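# I'll drop the sequence and a predicted model, then ask my questions.
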Amino acid sequence: MVRNTTLGSRAFDIANIVLLALLVISCVYPLWYTFCVSISEKSAANAGLVTIYPIGFSLTPYKEIINDSMFFNAFWISIQRTVLGTSFSLFVTVLMAYPLARPKRDFKTRNMFMWILVFCMLFNGGLIPWYLTIQNYHLIDTIWALVLGAGVPVFDVILIMNFFRNLPKELNEAAVVDGAGPWSVLFRVYIPCSIPVLAAVALFISVYHWNEFFNGLVLSNTQSSYPLQTYIQQLVVNIPVGSNLTPEQYKKLSELSNRTLNSAKVFIAMVPMLVVYPFLQKYFVSGIMLGAVKE
């Protein structure tokens with residue numbers, strides 16, 4: 001490979017390295033700062049002295065989390081919501097994208113449904129009709145309200161539809177000649193050839209379900225049914241007032257603060273997505289680029 005070694009090329013490479021380094025720092029620093037606050041001493045965290053390294057060392061917030069049953073209950077609800085929500089939304093999205101990707105001679109009303117889809121992406125019925133619909137199905141305070149409340153991401157439907165349209169038409173024709181029906185073509189031809197875009201969309205959906213807190217706030221009446229992000233958003237450390245505290249409670253309050261405890265919980269909440277992302281990252285760029293190409 002011939003490499004350009006002119007002064008302008010070197011300056012461009014240096015500028016790229018500096019820019020990318022700044023982007024990396026801007027992405028990593030909030031995570032590192034949150035972790036540093038979570039393991040710092042109470043006084044340093046409350047005084048805002050923590051910057052790029054922890055001041056002091058305390059694992060009291062993490063010990064408190066271990067004894068917090070509500071945190072683990074919310075964590076488990078978020079896991080259920082993410083798994084069920086990603087599976088359901090991906091399944092429904094694929095079923096919607098497949099017919100929309102077919103030629104008009106195979107699906108005569110395709111354009112009408114496509115316009116309806118685009119209209120729904122730009123406009124919605126509003127918060128109150130959405131809430132009343134879920135309430136009328138008796139889903140309030142259940143995991144299914146969180147799963148079905150945002151079941152069909154329209155933007156992801158368009159991504160998968162465009163990906164399907166760019167697959168070679170010869171694959172579909174060969175499958176039909178061999179006697180495959182629409183369901184067989186979808187599950188034996190289209191889906192195996194669409195792993196990149198499906199992985200990228202699955203990442204989008206899972207991140208949404210894991211990080212979203214508003215639906216849990218609206219659709220859950222009790223704190224015991226809150227997903228993790230809703231629980232964290234509602235965090236309050238209830239400090240008892242009065243003189244009837246045990247020595248152990250005084251010791252805990254002297255080491256613990258809202259800031260360190262909340263930072264610890266936020267950091268733990270970020271870990272699952274940080275673990276999952278590297279496994280799907282290799283599909284991310286190819287899936288989005290191919291799915292974004294319009295035929």
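Structure received.
# now for Ala47, how many residues are close by?
11 (other C-beta atoms under 10 Å). All C-beta spots, glycine's among them, are computed from the backbone N, C-alpha and C.
# please report phi then psi for it.
Main-chain dihedrals, Ala47, degrees, to the nearest 10: phi -80, psi -10.
# mind checking pLDDT for it?
pLDDT recorded at Ala47 is 73.
# now Cys27
For Cys27, the model assigns a pLDDT of 84.
# could you point out which element follows the helix or strand where it lies?
In this assignment (DSSP states H and E), Cys27 forms part of helix 7-38. Counting by DSSP H and E, the next helix or strand C-terminal to helix 7-38 is helix 42-46.
# now for that following helix, which elements pack on it?
Contacts defined by 3 or more C-beta pairs under 8 Å, 6 or more residues apart in numbering; DSSP states H and E place helix 42-46 against helix 258-291.
# how about 10 Å then?
Counting contacts by 3 or more C-beta pairs under 10 Å, 6 or more residues apart in numbering; DSSP states H and E, helix 42-46 packs against helix 7-38, helix 60-66, helix 247-255, helix 258-291.
# mind listing what the residue sitting nearest the centre point of the chain touches?
By C-alpha atoms, centre = their mean, the mean C-alpha position of the chain lies nearest to Val207, the distance being 0.8 Å. Applying C-beta atoms under 10 Å, 6 or more residues apart in numbering, we find Val207 in contact with Thr82, Thr86, Met273, Val276, Tyr277, Leu280.
# at 8 Å instead, please
Applying C-beta atoms under 8 Å, 6 or more residues apart in numbering to Val207 gives the contacts Met273.
# count the residues that sit near the nearest residue to Thr142 once chain neighbours are set aside.
Residue nearest to Thr142 in three dimensions, not counting chain neighbours: Ser225, with 7.5 Å by C-beta to C-beta, 6 or more residues apart in numbering. Residues lying near Ser225 (other C-beta under 10 Å) number 20.
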